[in-house]
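Chemist: model this:
(2 chains)
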Amino acid sequence: GDSVTQTEGQVALSEEDFLTIHCNYSASGYPALFWYVQYPGEGPQFLFRASRDKEKGSSRGFEATYDKGTTSFHLRKASVQESDSAVYYCALGDGANTGKLTFGHGTILRVHP
Amino acid sequence: DMKVTQMPRYLIKRMGENVLLECGQDMSHETMYWYRQDPGLGLQLIYISYDVDSNSEGDIPKGYRVSRKKREHFSLILDSAKTNQTSVYFCASSPGQQDTQYFGPGTRLLVL
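Modeler: Numbering: from 1, shown residues only, chains lettered A, B, ... in the order given. As a prediction, the model looks like this:
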């Protein structure tokens, strides 16, 4: 079945560091790919999506490029801030039109001032 | 501004009691979802609703049922709650089956 694997556990950075959270997927066809962010005590918030090969999604300084060749959708940000501390989820849309999303297990980002 | 609301935000129940979690959305979205989130397990899909009275089981439907009588409301019901249903429950909605899902703030349920 479809699956998403993302950077495990926690990523600890200092402010202004470069961020990369890896996301790889396993699915057939061209599923939509998503990034969500979840702050403590809140629901996941949609960050951005991409639906076709080489498409770049971006929002709030974060970006990721859909790469079908490497089946990846890595999240990057050039200069993180303490306020970016949160849990980040990569998700994979269902090409069978059931409306389901397959979420990764989440990556905790902690940014120290 | 698109909004998904959930009520109540916090709930404590005893084992065996019935639980009703409510979700609303003001965007006329067709598709709505119920998830639970547990440490180490991430988000698990309980039910999907494609429209009024058109519901489908997700990955972990056992012990839950849902009701959708109006497009803007989607309820999750736990008949005779169990302690292992202690969790954070999220509702989400989407304009269509291939579209982005928008999540509510969650309901934190404790079953004693």
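Chemist: what's in contact with the least confident helix or strand in chain A by mean pLDDT?
Modeler: Using mean pLDDT, DSSP states H and E, strand A:101-103 stands out as the lowest-scoring helix or strand of chain A, at a mean of 91. By Cβ atoms under 8 Å, 6 or more residues apart in numbering or on different chains, the surrounding residues in contact with strand A:101-103 are A:2-4, A:34, A:36, A:89-94, B:42-43, B:45, B:101. Where C-beta positions appear, they are placed from N, C-alpha and C, glycine not excepted.
Chemist: since we're on residue 26, how many residues are nearby?
Modeler: All of this is about chain A. Residues near residue A:26, counting by other Cβ atoms under 10 Å in any protein chain shown, number 13.
Chemist: sorry, should have said chain B
Modeler: Neighbour count of residue B:26, defined by other Cβ under 10 Å: 12.
Chemist: Next to chain B, which bits of chain A? Give me the list.
Modeler: Counting by Cβ under 8 Å from any Cβ of the partner chain, the residues of chain A lying close to chain B are A:32, A:34, A:36, A:41-46, A:49, A:89, A:93-94, A:97-101, A:103-106.
Chemist: Filter those residues down to the ones in strands?
Modeler: A:34, A:36, A:45-46, A:49, A:89, A:93, A:101, A:103 (DSSP state E).
Chemist: so how far is the next helix or strand after the least confident helix or strand of chain A off the chain centroid?
Modeler: Counting by DSSP states H and E, the element after strand A:101-103 in chain order, helix or strand, is strand A:107-112. Here the centre of strand A:107-112 is set off from its chain's centre by 14 Å, with Cα atoms, centre = their mean, to the nearest Å.
Chemist: ok, now stretch B:76-88?
Modeler: Distance of stretch B:76-88 from its chain centroid, counting by Cα atoms, centre = their mean, is 11 Å.
Chemist: out of the contacts of strand A:101-103, which is most surrounded?
Modeler: If you count neighbours using other Cβ under 10 Å, the busiest of those is residue A:90, which has 29 neighbours.
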